[in-house]
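# here you go, sequence then predicted model.
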Amino acid sequence: MAYRSYLMVCAGTGCVANQSMKIKEKLETEIRKKGLQEEVAVVTTGCNGFCAVGPLMVVQPDGIFYQLLKETDIPYIVEEHFIKGRPVKELMFTPPKEKTPIPKLSDIPFFADQTPIVLRNRGVINPENIDDYIARGGYEAIAKVLTSMTPEQVIQEIKTSGLRGRGGGGFPTGIKWETCRNIPADKHYIICNADEGDPGAFMDRSTVESDPHAVIEGMLIGGYAIGSSEGYVYIRNEYPIALDRLQTAIQHAREYGLLGTNILDKGFDFEIKIARGAGAFVCGESTALMASIEGRPGEPRAKYVHTVEKGLWDKPTCLNNVETWANVPQIILRGAEWFSSIGTGDVSGDPWGGSKGTKVFSLSGKVNNTGLIEVPMGITLRKIIFDIGGGIKDGKKFKAVQTGGPSGGFIPESLLDLPVDYEELTKVGSMMGSGGMVVADENNCMVDMAKYFLSFTQTESCGKCVPCREGTKRMLDILEKITEGEGTEEDLVLLEELSNVVVESSLCALGGSAPNPVLTTLKYFREEYEAHVKDKKCPGHACRKLITYTIDPHVCVDKGHGCHVCAKNCPDGAILGETKQVHTIDVEKCGKCGICYDVCKFDAISVE
Amino acid sequence: MVTINIDGRTVEVPEDTTILKAADQAGVWIPTMCHSEYFEPYGVCRLCSVEVVRGKRSRIVTACNYPIRNGMTIHTNSERVKWLRKVIMEMLISRWPNVKVVKDLAERLGIEKSRFTSLERDESENACILCGMCVNMCNDVVKANVLGFAHTGIERKVVRPFDEKTDQCIVCGSCAHVCPTGHIKMVLEDYRGKKSEFTLGPKTPIYVPTLQAVPRVPVIDAESCIHFQTGGCENCAKVCEPNAINYKMEDEIVEIDVGQVLITTGFDLFDASPMAQYGYGRLDNVYSSLEFESILNSTGPTGGNIVMKNGKEPRAVGIIHCIGSRDTNHHAYCSRVCCMYALKFAHLVRDRTDAAIYQFYIDMRAFGKGYEEFYNRLLDEGVTMIRGKAAEIVEGAWNENGDPSLKIRCEDTLIGKFREIPVDMVVLCNAMEPRKDSDAIRRLFSISKSPDGFFLERHPKLDPTSTATEGVFIAGCSQGPKDIPDTVAQASSAAARILSLISKGEVEIEPVRAMVQDEYCSGCKICNNMCPYGAIEFIEEKKISHVNEALCKGCGTCVAACPSGAMTGNGFTDEQILAELEGLML
Ligand SMILES: Cc1cc2nc3c(=O)[nH]c(=O)nc-3n(C[C@H](O)[C@H](O)[C@H](O)COP(=O)(O)O)c2cc1C
Ligand code: SF4
Ligand code: SF4
Ligand code: SF4
Ligand code: SF4
Ligand code: FES
Ligand code: FES
């Protein structure tokens, strides 16, 4: 039965945390109250991407986008939009600095510049309903593969498409499949890496949450091509929604005969099992991940034999990232040519010759529009940050962008026209990684940022090998020293040397990449380190030990008439002065929290 | 075989060997800190990093696990490698400045100090350097899966499950054996009721029992062998070239039909620990005579050197006779051999050390051939003989400010004085006593014991080797304490007795014997235990008793006991007697 309108309410982790399920219930009761239940349907979807303005919903088929919803808004929307036919302007998206709201999702720049392939179903289908997926062309690719393609042809198709691993390394997927297929063994395994543990990144989780069947179908195709009948999804236990939807999807696929034995009557058997990870970052690393599935401690193995040859239980194993798998059905359906027409370089001769297709990023930090985006390879960082991201928050100045998760490097303004491409990003000291993208503005201290990310990798180091265990801790100690104003110029030299040793001699890629934030900031923002070390100043005003707040006495009395707000709010009682008189800060007592700076309406307080 | 180049030297090695092994073959040293031949390369210290050049590309790899490929060029001492090693070493020194392996390696690599200050600095000499050897040993080799790592990053540490004492540990000591820093120690304690029965070590699970053993091959002690507890290890099989190790071999019970038995089960040594005054088992360097024999043995634990626990030679040795013998609290009898072996001990101590020797005796019993002469010779060798049983051994200083040692307190009955003699080592001459299980043996063969507990011979003067049971003979210390010449004599005599029967081919038995009348026997078994000669056995299939004619002495005990009148003297059934009577009366 068809409805007049579908209300696609986001049930992604972000919106759920912002009470979107309450919104949904309220919508349902209001609609019933008004007797509209035969005309208007409420559907929950996976993450819509524009998490910054959640909880949100999209009214289909007209594509009206409502944002920042509150329960109290619901009766009004239902009344106005669905009874009177007047979409509610106040709840639409208005770009910063502009007056007119943009009613349609497709006109909002955040969405307009994206190219959804992996996320093509987000916000459009109910991820818990397999029929929704099938209605959008789902499971057509596996049908095509099983009825008309040999495994070799499938592998060739993936090779020609130029698809490369989205989990970090960017290894050509077709070649990985081919190598794995060609290792003789009584059993081959395939694994989907959904361990995603980078702070602030949620590309893979959202993909599983909004379109779990795409991942399952990708794995089915991979299993057929590689000659494997058993796949694992290694997923974090602390992603309950993703885990739940995946389980439901596997269950439905099984009921529809799309998993199990003799799939689609073509004699192909395939099963998917779920392995839950306990949430150690290092368990995303291939050997650690497999050790963890086998029930051993999740630590990387020191071996120069690839897991495609000897992986899970020493059998040839093909490990790919969630996003890599989710790309596969679309490549099969729409063809390798279509896929390779998107992106950079030329992969016809050399599989490493370019970056093809799209990449999902989770855009966060100091941009206006934070959220999950999918962009074509080759798009410039500038376009991502300033068009899709809507520029820097509060009109501040851009300083740097970090790509690739906690071990990615920081890229300065001068390189903003760099295209998103595996090799280009690596060349400047960063990486594609799994798709984290953190934007820093003029108020961020680069030393402090480097310290923050290093402290993450340092605690996540498994501690097995000496350079990563000892080295990252020593680096962190030095950074600590520098941000406290105790650093010396020798420390900078030592820090750089240590970073290089950790990169070169660590056992696994965690240690091998953990120093990237430090190395790139040392390279592009050395003057900030020098300011900390030589002048004992923090240009980003972030390192508390190195900054002082002062009150301009003239502004304070002339403009503010000694309003006393600062003194009232200071948690340390460090501000002296009576109302209508000049206020001063007692440097000894001041805890450098910056509250006074924020509360002074007359800008009488400055920080140095 | 492939050809590679290491530091300018060309070597041929099998493909897939590790760089470390190839370098070893080429005589090139590469530092390592987490590598051991026992388990697969672990690859965590990263000190073995080397530079591998193939074509134009050069990369850093770890030598301990990187497999050799044809045409490789390896630099183990390039500037890049030296730099990496130096910085890694600096990290290690800054955290563990006093651990010997770390210090030694740093010295060998010419690194004097670290530029880092480690907040986790550990000054201990036996700190754990997280090399993982113990963990690999316990899990991969021993397969006991006790040790593991807890926590991540800089907090990493080696732990047992839940960091508690665990029964999963089989106390094999492998972890302590590989630990390069001595962080793991094996503590001697009564663990799960296991106590070493012989205080002198070392004893490995696989060992050649003695150098004189025949055949001289190793045996495995299944109780302490790792393999028999966890299924792991098998190191001995890995190194045994002729492939002679067989873990499947089992004890078997063999049944042999014999006509005669010679019991030579020997004696047990009296355990002196209940005699608290002598401190055996409590005081260091107080040994039983058997332990001292093993110290004297050139294949023993000390290689025949008479040394104390601290490895030093004793300055004086006291030898105390009659421990448990001639003592109504323990054994009233004289053990007969102690005087002479005590003299032998004294002679060997005199021969091998400069120690002063004191013998504490009650009476000197040198009755055998040449014995008295030996005693006189020892007196000439300067052994001090003190007549009087030692009263007590206590710990005490040698002199006012000297080393700790022992003191023997005794009454010297020849001069009628109480004396205290300082010594470093004491040898107790323990009594010989019947084997603990001798009663079980006795019952098995239906033989008796004398009041001292040793097996009883048929006649002390006229028949000292046979017993009350026909065909069962005894010899050696199972019959009573005796020395080697006496044992040999008695055993030869027993052997002759046995042979005389064998050569005859048949035995004469008493005409008067008991006999079961099968049709009357109810199978009550009363007679079975009655027979003092163990001559009655029960035949399960027929459920009746049967008399072994060769053993029966015709004493008639069973005849009187049989409630159903089935047992009679052979030729003396009621019918026969009545028939005889009838015949007589005719
Ligand atoms: C410390 C560390 C963490 C990683 N975490 C992830 C992860 O969360 N998800 C992921 O897909 N790959 C992760 N990887 C990369 C995987 O090891 C592996 O390269 C990837 O799953 C291969 O899939 P792809 O070829 O599709 O990229 C991680 C690697 C390292 C070294
Ligand atoms: S590099 Fe770090 S995470 Fe990787 S094995 Fe070494 S200690 Fe563990
Ligand atoms: S003694 Fe043996 S079983 Fe016990 S922890 Fe050490 S290696 Fe493991
Ligand atoms: S206890 Fe010894 S063997 Fe075990 S990790 Fe520590 S240093 Fe290595
Ligand atoms: S298997 Fe062999 S090497 Fe291992 S403990 Fe037993 S006897 Fe020793
Ligand atoms: S969770 Fe709702 S938009 Fe991301
Ligand atoms: S010996 Fe430790 S990494 Fe090779």
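That came in fine, so what should we check first? Numbering: from 1, shown residues only, chains lettered A, B, ... in the order given. Ligands and ions are numbered 1, 2, ... in the order given.

# so for residue A:278, what pLDDT did the model give?
Listed pLDDT for residue A:278 reads 82.

# what's around the residue nearest to it when sequence neighbours are not counted, how many residues?
The shortest distance from residue A:278 to any residue that is not its chain neighbour, by C-beta to C-beta, 6 or more residues apart in numbering or on different chains, is 6.3 Å, and that residue is residue A:237. Backbone N, C-alpha and C define where each C-beta goes, glycine included. A total of 11 residues lie near residue A:237 under the criterion other C-beta atoms under 10 Å in any protein chain shown.

# OK, contacts around residue A:237?
Residue A:237 makes contact with A:243, A:276, A:277, A:278, A:279, according to C-beta atoms under 8 Å, 6 or more residues apart in numbering or on different chains.

# what do you get for residue A:208?
Counting by C-beta under 8 Å, 6+ apart, the residues that residue A:208 touches are A:194, A:215, A:235, A:239, A:242, A:245, A:246, A:322.

# residue A:299 too?
Residues counted as contacts of residue A:299 (C-beta under 8 Å, 6+ apart) are A:282, A:288, A:291, A:462, A:464, B:149.

# where does the third one land in three-state SS?
Recorded secondary structure, residue A:291: helix (DSSP: H, G, I helix; E, B strand; the rest coil).

# which of the contacts of residue A:299 tops the neighbour count?
residue A:464 (29 neighbours).

# make sure residue B:173 is actually in contact with residue B:179.
No: between residue B:173 and residue B:179 there is no contact under C-beta atoms under 8 Å: 10.2 Å.

# skipping adjacent residues, who's closest to the residue in chain B that chain A sits nearest to in space?
Proximity of chain B to chain A (C-beta to the nearest C-beta) peaks at residue B:43, 2.7 Å away. Excluding the flanking residues, the one nearest residue B:43 by C-beta to C-beta, 6+ apart is residue A:302, at 2.7 Å.

# okay, now that neighbour: neighbour count?
21.

# that one: which element?
Element membership for residue A:302, per DSSP states H and E: none, as it lies in no helix or strand.

# now do residue A:329
Here residue A:329, judged by DSSP H and E, is contained in helix A:322-334.

# for that helix, list the C-alpha coordinates in PDB.
Below are the C-alpha coordinates for helix A:322-334, written out as PDB (Å, rounded to 0.1, in the frame of the first residue of the first chain):
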ATOM      1  CA  VAL A 322      33.300  -2.300   5.400                       C
ATOM      2  CA  GLU A 323      33.300   0.400   2.800                       C
ATOM      3  CA  THR A 324      35.400  -1.700   0.400                       C
ATOM      4  CA  TRP A 325      32.800  -4.500   0.500                       C
ATOM      5  CA  ALA A 326      29.900  -2.000   0.200                       C
ATOM      6  CA  ASN A 327      31.300  -0.700  -3.100                       C
ATOM      7  CA  VAL A 328      31.400  -4.100  -4.700                       C
ATOM      8  CA  PRO A 329      27.700  -4.600  -5.600                       C
ATOM      9  CA  GLN A 330      27.500  -1.200  -7.300                       C
ATOM     10  CA  ILE A 331      30.700  -1.900  -9.400                       C
ATOM     11  CA  ILE A 332      29.200  -5.200 -10.600                       C
ATOM     12  CA  LEU A 333      25.900  -3.600 -11.400                       C
ATOM     13  CA  ARG A 334      27.100  -0.400 -13.000                       C
END
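
# and the residue nearest to residue B:43, what does it touch?
Under the criterion of C-beta under 8 Å, 6+ apart, the contact list for residue A:302 reads A:465, A:507, B:41, B:42, B:43, B:44, B:62, B:65.

# hmm, back to that, quick one: the contacts of residue A:237 as a markdown table, columns for distance to ligand 1, neighbour count and secondary structure too.
A markdown table is the format used below for the contacts of residue A:237 (distance: C-beta to the nearest ligand atom, whole Å; neighbours: other C-beta atoms under 10 Å in any protein chain shown; DSSP: H, G, I helix; E, B strand; the rest coil):
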| residue | distance to ligand 1 | neighbour count | secondary structure |
| --- | --- | --- | --- |
| A:243 | 15 | 20 | helix |
| A:276 | 14 | 15 | strand |
| A:277 | 9 | 23 | strand |
| A:278 | 13 | 10 | coil |
| A:279 | 11 | 14 | coil |
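
# poorly predicted segments of the chain, please.
Chain wasn't specified; assuming chain A. When residues are selected by pLDDT under 70, those of chain A lie in A:1.

# look at chain B instead
When the per-residue scores of chain B are filtered using pLDDT under 70, the ranges that remain are B:188-203, B:399-402.

# ok, 50 please
Chain B contains residues with pLDDT under 50 at B:191-202.

# list, one by one, the residues from it near chain A.
Taking C-beta under 8 Å from any C-beta of the partner chain as the criterion, chain B approaches chain A at residues B:41-47, B:49, B:60-62, B:65-67, B:80, B:83-84, B:87-88, B:91-92, B:94-95, B:115-120, B:130, B:132, B:148-149, B:151-156.

# distance from the chain centre to the helix holding residue A:329, please.
Counting by C-alpha atoms, centre = their mean, to the nearest Å, helix A:322-334 is centred 19 Å from the centre of its parent chain.

# so where do the helices sit in the stretch 201-350 of chain A?
Counting by DSSP state H, counting those that start in this stretch, residue ranges of the helices within the stretch 201-350 of chain A are A:203-210, A:212-226, A:240-255, A:286-293, A:322-334, A:336-340.

# over to the stretch 251-400 of chain B?
According to DSSP H, counting those that start in this stretch, the helices that the stretch 251-400 of chain B contains are B:289-296, B:338-352, B:371-380.

# if anything else comes up later, I'll come back, but that's it for now.
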